[in-house]
Structure formats: structure tokens, C-alpha cells
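Enquirer: got a predicted model here, sequence first, then my questions.
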Number of protein chains: 2
Amino acid sequence: MNKRSGSESKKRILSAAVKVFSQYGYRGASMRLIAKTAAVSVGAVYLYFRNKEELYYTLIKNKLDDLDARTGEILRDMEDPEETMKNFIAMRLEHARRHREHILIQVKENGFTFGIKMKKDFFRHQREVVEKIIRKGIASGKFRKCDAEEVSKIIICTLRGFILSVVVEPDALFSPEECGSLILKGLLK
Amino acid sequence: MNKRSGSESKKRILSAAVKVFSQYGYRGASMRLIAKTAAVSVGAVYLYFRNKEELYYTLIKNKLDDLDARTGEILRDMEDPEETMKNFIAMRLEHARRHREHILIQVKENGFTFGIKMKKDFFRHQREVVEKIIRKGIASGKFRKCDAEEVSKIIICTLRGFILSVVVEPDALFSPEECGSLILKGLLK
DNA sequence: TCTGATCCTGAACGTTTGTTCATGTGAACC
DNA sequence: GGTTCACATGAACAAACGTTCAGGATCAGA
């Protein structure tokens, strides 16, 4: 029967869910396959998550919270806006590379920003972060003057393309430096 | 019983399938709902398509062929590489705006490039087109010297972000000019 | 050794799925 | 009127789905 601690089983299930959701999408992923991947019975999954939806939400929330925390760190000690922007882009790309499956889940299910409020809030916050960096850059005279809100939108959507490519074609090598410099070239004085 | 010509029914089904697939994804879309949306019985769908998969493939193939044709037109009368690049980007963005549902289907099901060979071929061809424009630009002295293959990859992935954003956030206005100029700024001498 | 708490199982239930097929309908020809 | 043909229907089937639940297993403390 393979007795384990509750928290360990929960972790196993979450980890299996990431794999299965990222491969088959929300609808395509079956609770049976998730359970099998976690080496656990179907019933056990329902011991830790009320239903499929809660399992999915928990997954997404965990990862977005993590990403939020990292963004906060980078923003906290912002000295040079150029450096901050580079760090931000590099962080997002590194994160995408490390958590391909998570990005895939989001893309497959909701086209990146559609769907639940939690996600929308996250993406809005990310855009505001970029906008803040730009404003700081303009104020300090390092960035050329521009419509910070408009440019932040464009940068976020460019970044989105980079991230999608990193996830979808892991072979096509994308250095964070290259991507960062492409974005900055139009931004620096 | 609502007797119609065969080709008209087929069109109705295809059109309904685009709607349903784009909203629910491949797995989430049921043949019953597609039939209902097309105001046709389930059996009728199987009169024109062997199964769900063939219906999906037909859909994707139609749209990609159309996009291929437009790309060909733009490339055919390439005089000024800068103008060609602008046209290409504008065309892709316009197409995305007009065929949101088609892009959504692709994104939801396969993360944009994953999946069937047909799609991979399409994206490779698109990248080669961009590369060709860049080479022409470099040769004519209008573009700065760069690794055409590498840069074409970056442009395609940037474009991908633009397109995704156009589809996913139709409100966030993206002018083709802005996107084009962002890309060209780093490319022009 | 007994007891309660915790962890786990997989058969079972009701839905929904993709797909098939016997049957029906309307128009066009003889 | 009879026959043929393309077009259309929706009940029926097996399979897979999310979810439940009666029961079994394994531990810590008494």
C-alpha cells in the first residue's frame, strides 16, 4: 500500500500534474493519468485536492507567486535602470527555461493571459514593473524620452515572444543578453 | 430536414469548427457542439470529414496555405528590403487580427509551433523568408551587417510575441508601424 | 493489544466523448 | 409512379471522463 507522509504525496501529485497538464493541456489531462504518474491511486488525488480545478489552480498559483517574489527582489535594489531591465529580462528568460512545463500549461490552456483573474493580475503587475523601470530610466536621463506605458506594453509583448520561443524551441539558442540588448537598443539614449 | 448543397454544408461545418476549436481547444471541442453550431446533425459532420482529426487538419491547412500565398506575394516584388520587411510584419499582424480564432486554435493546442509537421514546415519557411529579406538588405547596403540566420530567428520570435498579444489582448492597440519600426531600428544602418 | 487517526485503494456511478449506422427525405431522372 | 442518388438525421455503442465511497492498511499512543 506504500504508506507515505501526506505532504510528500501532495508534492508527488503536484509534480505529476505539472508533467501531465503541460503535455496534454487542462482538458486533455485525466485525473487517472496524473494519479498514475504520481504512483498513487485516483482516490489519493482527491484526498489532497477537492477536484481537478483546484489542483490546476494550486499549480499555477505556486509558480506565479514564485515569479512575483523574484520580480520583487530585482526591483528592490534598483540602482541602474539599464541594469535592472537587463536583470528582469534575464530572470524571466531563465525562469522560462527552467520551468518550461509551467509556461506550456499556461499557453495551452489559455493563450498566455486569458482566463482566471489571478493570471491577469500577474501580467498587469509585470507590465507595471517594466513601466516603473522605464520611468526611472527616463528620470535619471539614461533612457530616451518615450511613452512609458506604451513602450512597456511593447516590451512585455516582445518578452512574451522570447519566452514562448525559449519554451517551444529549446534548441534555438536565445541568450538573455541578446534579447536584452535588442530591447535596450531602442530604449537607450 | 433542411436540404442544402453539399459544399455549403461543408463550409458551415468548417466555419463552426473554427469557432468551437478556438474557444475550447482541440480536446475541449466536441463534435456535437460543432454540429450544433453549424446547425447540422452529428452524422452530417462525418459525411464531410472522416473524423475529428481530419476536420482539425483541414482547418489549419486552409489557413496556413492562405498565409503562405500572401507571404509569396510580398516576397515576389521585393525592391526595397526595408519596405518588404515592413510589409511582411504588417501583413502578419493584419492577418492575426483578422483571424484571431485561427491563431488561438494553434496556440491552445500546440503552443504555436509544436505538433504536426505541416506547421513546423510553415514556421521554418517563414523564418527563411525573413532571412532572405535580411540578406538582401545587407547586400544592398541598407541593413547593417549581422548574422542573418540568428537575427531572423530573433525577429520571428519577436513577431510571435506581437501576434500573440494582438490575439490575446485585442484592446491593447498595436500598430504594425510601431512594431515594424522597433524591429527595423536595430536592423537599419 | 486495542484504538483512533491518518493515509490509501480501486470498483462503481453518472456523464460525456468520438464514431457508426439504419433510416428518412427531397429532387431528378426514366 | 418508381427508382436512384445525394444529403441528412439522431439513437445507439464502447470508451473515457471526473468524482465518490465503502473499505483496507499502517502508524502512534494507550
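Expert: That came in fine, so what should we check first?

Enquirer: got phi/psi on A:Val40?
Expert: phi -150, psi 160 (degrees, to the nearest 10).

Enquirer: how far away is it from DNA strand D?
Expert: A:Val40 sits at a distance of 12 Å from DNA strand D (criterion: C-beta to the nearest atom of the strand, to the nearest Å). From N, CA and C alone the C-beta is placed, and that goes for glycine too.

Enquirer: A:Glu177: neighbour count?
Expert: Other residues lying near A:Glu177 total 12 when counted by other C-beta atoms under 10 Å in any protein chain shown.

Enquirer: hang on, it in a helix?
Expert: Yes. Assigned with DSSP: H, G, I helix; E, B strand; the rest coil, A:Glu177 falls within a helix.

Enquirer: so what pLDDT did it get?
Expert: Note on A:Glu177: pLDDT of 78.

Enquirer: same question for A:Ala39.
Expert: A:Ala39 carries a pLDDT value of 95.

Enquirer: now do A:Leu173
Expert: 65.

Enquirer: go on, A:Gln106?
Expert: 84.

Enquirer: with the one 4 residues further on instead?
Expert: Taken from the predicted model, the pLDDT recorded for A:Asn110 is 61.

Enquirer: so what's A:Leu184 up against?
Expert: Contacts for A:Leu184 were tallied using C-beta atoms under 8 Å, 6 or more residues apart in numbering or on different chains; they are A:82, A:85-86.

Enquirer: mind checking which of the residues you listed are in helices?
Expert: Counting by DSSP state H, the contacts of A:Leu184 place A:82, A:85-86 in helices.

Enquirer: closest to B:Met31 among those?
Expert: Using C-beta to C-beta, A:Met85 comes nearest to B:Met31 of the ones in helices among the contacts of A:Leu184, at 48.5 Å.

Enquirer: my guess is the closest one meets A:Ser181, correct?
Expert: No. With contact defined as C-beta atoms under 8 Å, A:Met85 does not reach A:Ser181; the gap is 10.5 Å.

Enquirer: what about A:Ala148, how many residues nearby?
Expert: Residues lying near A:Ala148 (other C-beta under 10 Å) number 18.

Enquirer: ignore what I typed, I meant A:Lys108.
Expert: A:Lys108, neighbours per other C-beta under 10 Å, totals 27.

Enquirer: so it touches B:Gln106, yeah?
Expert: No. At 10.8 Å, A:Lys108 does not count as touching B:Gln106 under the criterion of C-beta under 8 Å.

Enquirer: now the helices for chain A?
Expert: Ranges of helices in chain A, per DSSP H, are A:6-28, A:31-37, A:42-48, A:52-76, A:81-98, A:100-110, A:117-139, A:148-168, A:176-185.

Enquirer: packing partners of the fifth one?
Expert: Taking 3 or more C-beta pairs under 8 Å, 6 or more residues apart in numbering or on different chains; DSSP states H and E as contact, the helices and strands that helix A:81-98 lies on are helix A:52-76, helix A:117-139, helix A:148-168, helix A:176-185.

Enquirer: out of the ones you listed, deepest packed?
Expert: Comparing these by mean neighbour count (mean count of other C-beta atoms under 10 Å in any protein chain shown), helix A:148-168 comes out on top with a mean of 22.

Enquirer: is that one anywhere near chain B?
Expert: Yes. Counting by C-beta under 8 Å from any C-beta of the partner chain, contacts between helix A:148-168 and chain B involve A:153-154, A:156-162, A:164-165, A:167-168.

Enquirer: in chain A, which residue sits closest to DNA strand C?
Expert: In chain A, the residue that lies nearest DNA strand C is A:Gly43 (2.0 Å; C-beta to the nearest atom of the strand).

Enquirer: so how far is A:Gly25 from that residue?
Expert: To A:Gly25, A:Gly43 is 24 Å away according to C-beta to C-beta, to the nearest Å.

Enquirer: for A:Ser9, same thing?
Expert: Distance of A:Ser9 to A:Gly25, computed by C-beta to C-beta: 24 Å.

Enquirer: between these two, which one's more packed in?
Expert: Applying other C-beta under 10 Å to A:Ser9 and A:Gly25 shows that A:Gly25 carries more neighbours, namely 23 against 19.

Enquirer: show me what contacts the more buried one?
Expert: A:105, A:108-109, B:25, B:27, B:108-109.

Enquirer: ok, 6 Å please
Expert: Counting by C-beta atoms under 6 Å, 6 or more residues apart in numbering or on different chains, A:Gly25 makes contact with A:108-109.

Enquirer: between the worst-scoring helix or strand of chain A on mean pLDDT and helix A:148-168, how many degrees?
Expert: When the helices and strands of chain A are compared on mean pLDDT, DSSP states H and E, helix A:176-185 comes out lowest with a mean of 74. If you take axes from the mean of the first three to the mean of the last three C-alpha atoms, to 10 degrees, helix A:176-185 sits at 160 degrees to helix A:148-168.

Enquirer: name the residue of chain A that lies nearest to chain B.
Expert: Closest approach between chain A and chain B, counting by C-beta to the nearest C-beta: A:Gly161, at 2.3 Å.

Enquirer: ok, that residue to B:Asn62 distance?
Expert: Per C-beta to C-beta, A:Gly161 is found 25 Å from B:Asn62.

Enquirer: and the closest residue in space to A:Ile156 that isn't next to it in sequence, how close does it get to A:Met85?
Expert: Spatially, and ignoring its direct neighbours in sequence, A:Ile156 is nearest to A:Arg127 (5.0 Å; C-beta to C-beta, 6 or more residues apart in numbering or on different chains). Distance from A:Arg127 to A:Met85, counting by C-beta to C-beta: 13 Å.
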